[in-house]
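Participant: This is the structure alone, sequence omitted:
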């Protein structure tokens, strides 16, 4: 059975948004909003996949994959996503870093 | 105080190696080798930083950052790292995916 934590991606090139974050303590609606954002992202043009992991101490990395930069910009400015971003800045994250990158090659465990 | 889980990086462009993996159960020397590889990676030419998170259920993402692709290739072929990669394939990982990407822009929580 396929491991659903891994994104199923086409051959490169495509784009990655690497989002590293440290959560604040407590949920404060984060879990529900995270699920809603994951569902919404998957409905956006150019979305290819998403992978996410978070340590027990609240440091996490989420990488979303997109066909092109225009799709990334459109998602960044999506109205409902913007509200989530604002709440993230205000409540959920002590700190975060976002890096937008072009994936040039990929390989996996044979 | 700075949160050491976040890499301190220069302005883009630079390169990222996104390594997603699912661990097998048990340590089997993984913890010690992981620490050794992190130390060794930091000594390599072109190394910029590393960020890593793993879920309680064994899915993890590690992103290492490098000045250029030549540095990434050199590290991939480093003798001690190759032994670790072999052991990873044989023992530590159920599955993994590696993606090499050029970071074009970056922003952070203000």
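Facilitator: Okay, I see it. Since the model is a prediction, treat every value here as computed from it, not as a measurement.
Participant: Excluding covalently adjacent residues, which one is nearest to whichever residue of chain A sits closest to chain B?
Facilitator: Of all residues in chain A, residue A:101 sits closest to chain B, at 3.6 Å by Cβ to the nearest Cβ. Where C-beta positions appear, they are placed from N, C-alpha and C, glycine not excepted. Of all residues not flanking residue A:101 in the chain, residue B:101 sits nearest, at 3.6 Å (Cβ to Cβ, 6 or more residues apart in numbering or on different chains).
Participant: Likewise for residue A:47?
Facilitator: Nearest one to residue A:47, counting by Cβ to Cβ, 6+ apart, is residue A:41 at 5.6 Å.
Participant: right, and that neighbour touches residue A:50 too?
Facilitator: Yes. Between residue A:41 and residue A:50 there is a contact under Cβ atoms under 8 Å: 6.5 Å.
Participant: helices or strands up against the lengthiest strand in chain A?
Facilitator: Secondary structure of chain A per DSSP state E: the longest strand is strand A:93-108. Strand A:93-108 is packed against strand A:14-23, strand B:14-23, strand B:93-108, with contacts defined by 3 or more Cβ pairs under 8 Å, 6 or more residues apart in numbering or on different chains; DSSP states H and E.
Participant: Report the buried residues of that strand.
Facilitator: Residues of strand A:93-108 classed as buried by neighbour count (16 or more other Cβ atoms under 10 Å in any protein chain shown): A:93, A:95, A:96, A:97, A:98, A:99, A:100, A:101, A:102, A:103, A:106.
Participant: Name the next helix or strand downstream of the longest helix that chain A contains, please.
Facilitator: Ranked by residue count and defined by DSSP state H, the top helix of chain A is helix A:30-42. Per DSSP states H and E, the first helix or strand lying C-terminal to helix A:30-42 is strand A:47-54.
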